[in-house]
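Visitor: Here is a sequence together with a model predicted from it:
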Amino acid sequence: MSAAITIAGVHKRFGNLRALDGVEFNVERGEFFGLLGPNGAGKSTLINVIAGLTRASEGAVAVLGHDVVSDYRSSRMKLGVVPQELVFDPFFTVREVLRIQAGYFGLGAECYPWLEELMSELQLANKADANMRTLSGGMKRRVLIAQALVHKPEVVVLDEPTAGVDVELRQSLWVFIRKLHEQGHTIVLTTHYLEEAESLCDRIAILNHGKVIALDTKQGMLARGIGRRMRVCITTAEPISALPPRLTEKLRRQQANVIELELDRDSDSVIDLLDEVRSTGVAVTDLHTEEADLEDVFVELVRQGRK
Ligand SMILES: Nc1ncnc2c1ncn2[C@@H]1O[C@H](COP(=O)(O)OP(=O)(O)OP(=O)(O)O)[C@@H](O)[C@H]1O
Ligand SMILES: [Mg+2]
């Protein structure tokens, strides 16, 4: 059985820029797959290639076995893409936007009950007759998501669906996307909120400068950080105004009287660093260590790539 998405040796050049530089991996059916990477890494370019909106300079992509170029119509039917950019015709209402989109897939009135259900699931029902231009950014995002789902695609690709969305809406979107996944949809997600990827995704690829620099299960990815790096949070009786240089080097975050340090297990000693804190004359009231999270691993991998 073919994978949900097959990406084989994909290159994309814009002039001299290599936006995608030999990308190769599969997304399996039923996976919740995270595609992460810093700004400009090539995530949206890859998604545009998958969607058949951009032609790869080299290589091939297939959705459920359908080549996105030679078998565009079939691949497009299987795929729903939520684009990063909010682009709409401002004069249509939400319901009209969804019906027009359904029309592109050859769907007519028979799908209207599903469109009503989608609007209700995404809490858009009371905006069904509102013109797109009157909606807030978060509401527009929900319409983008509904639009991607009008034809009930098996594979759903979401390019930063929660960018610029408030906490409450973000959480309700995650409940909705999780539900889609439980119903059997394959989900590919890009996000800059790494805690989201950590809680949702089964497998994660990190893209940097157009190359996949890591691809692993979430557990495998987290295990990369556990080996060497350790985070230590030190609470002091009062804030330290001038940190000694050795602490500044290791500083991850400082907030009021809490300093968070990132240590290398091999070369740093917690005891030595505690002595450094005490040398400022401020008493230590609490200390605890934390394991690396996905953000630590991400930062470290991207940093290594820069060397
Ligand atoms: N149409 C285009 N013409 C020229 N360069 C482009 C074009 N589209 C993208 N690029 C460049 O390709 C690189 C990858 O861009 P892309 O939008 O894929 O990154 P991204 O990983 O989605 O970033 P972000 O996290 O900011 O959304 C960037 O350097 C970008 O400037
Ligand atoms: Mg992007």
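Guide: Done, it's in. Ligands and ions are numbered 1, 2, ... in the order given.
Visitor: At the contact with ligand 2, which residues of this protein appear?
Guide: 43-44, 84 (Cβ under 5 Å from the ion). To be clear about C-beta, it is placed using only N, CA and C from the backbone, and glycine gets the same treatment.
Visitor: which of those tops the neighbour count?
Guide: Among these, the one with the most neighbours (other Cβ atoms under 10 Å) is K43, at 25 neighbours.
Visitor: Isn't that one up against D159?
Guide: Yes. Assessed by Cβ atoms under 8 Å, K43 is found in contact with D159 at 7.0 Å.
Visitor: anything in contact with each of these two?
Guide: Both K43 and D159 are contacted by T190, under the criterion Cβ atoms under 8 Å, 6 or more residues apart in numbering.
Visitor: Look at the residue of the stretch 1-150 of the chain found nearest ligand 2 and tell me its secondary structure.
Guide: Going by Cβ to the ion, ligand 2 is nearest to S44 of the stretch 1-150 of the chain, at 3.1 Å. Three-state assignment for S44 (DSSP: H, G, I helix; E, B strand; the rest coil): helix.
Visitor: Could you check the pLDDT of it?
Guide: Note on S44: pLDDT of 97.
Visitor: any idea how far it lies from I206?
Guide: Note on S44: its distance to I206, by Cβ to Cβ, to the nearest Å, is 15 Å.
Visitor: Likewise for L79?
Guide: L79 sits 23 Å away from I206, going by Cβ to Cβ.
Visitor: can you check S57 too?
Guide: For S57, the distance to I206 (Cβ to Cβ) stands at 22 Å.
Visitor: repeat for K78
Guide: Per Cβ to Cβ, K78 is found 26 Å from I206.
Visitor: And for E85?
Guide: Using Cβ to Cβ, E85 is found at 23 Å from I206.
Visitor: Looking at the two, which one has more neighbours?
Guide: Taking neighbours as other Cβ under 10 Å, E85 and I206 compare with I206 leading, 25 against 8.
Visitor: Spatially, and excluding backbone neighbours, which residue is closest to that one.
Guide: Here the nearest residue to I206 in space, its sequence neighbours aside, is A214; by Cβ to Cβ, 6 or more residues apart in numbering that works out to 4.5 Å.
Visitor: Count residues in the vicinity of the one you found, would you?
Guide: The number of residues packed near A214 is 19, by other Cβ under 10 Å.
Visitor: these two touch, right, it and L301?
Guide: Yes. The criterion here is Cβ under 8 Å, and A214 meets it with L301 at 5.3 Å.
Visitor: can you list residues touching both of those two?
Guide: Common neighbours of A214 and L301 (Cβ under 8 Å, 6+ apart) are 206, 224.
Visitor: What ranges in the stretch 151-300 of the chain fall below the confidence cut-off?
Guide: For the stretch 151-300 of the chain, the stretches flagged by pLDDT under 70 are 225-228.
Visitor: Kindly report the residues of it close to ligand 1.
Guide: Within the stretch 151-300 of the chain, no position is near ligand 1 by Cβ under 6 Å from any ligand atom.
Visitor: Who does the closest residue to ligand 2 within the stretch 151-300 of the chain form a beta bridge with?
Guide: Per Cβ to the ion, D159 is where the stretch 151-300 of the chain lies closest to ligand 2, at 5.8 Å. Partner residues in beta bridges with D159, using DSSP bridges, are T190.
Visitor: which residues sit in contact with P153?
Guide: 77-80, 185 are the contacts of P153 under Cβ under 8 Å, 6+ apart.
Visitor: separation between it and E198?
Guide: 26 Å.
Visitor: and if you look at I234?
Guide: Distance, I234 to E198, by Cβ to Cβ: 25 Å.
Visitor: who's more crowded, the two?
Guide: Neighbour tally, I234 and E198, criterion other Cβ under 10 Å: the higher count belongs to I234, 21 against 18.
Visitor: any idea which element that one lies in?
Guide: Taking DSSP states H and E as the criterion, I234 maps to strand 229-236.
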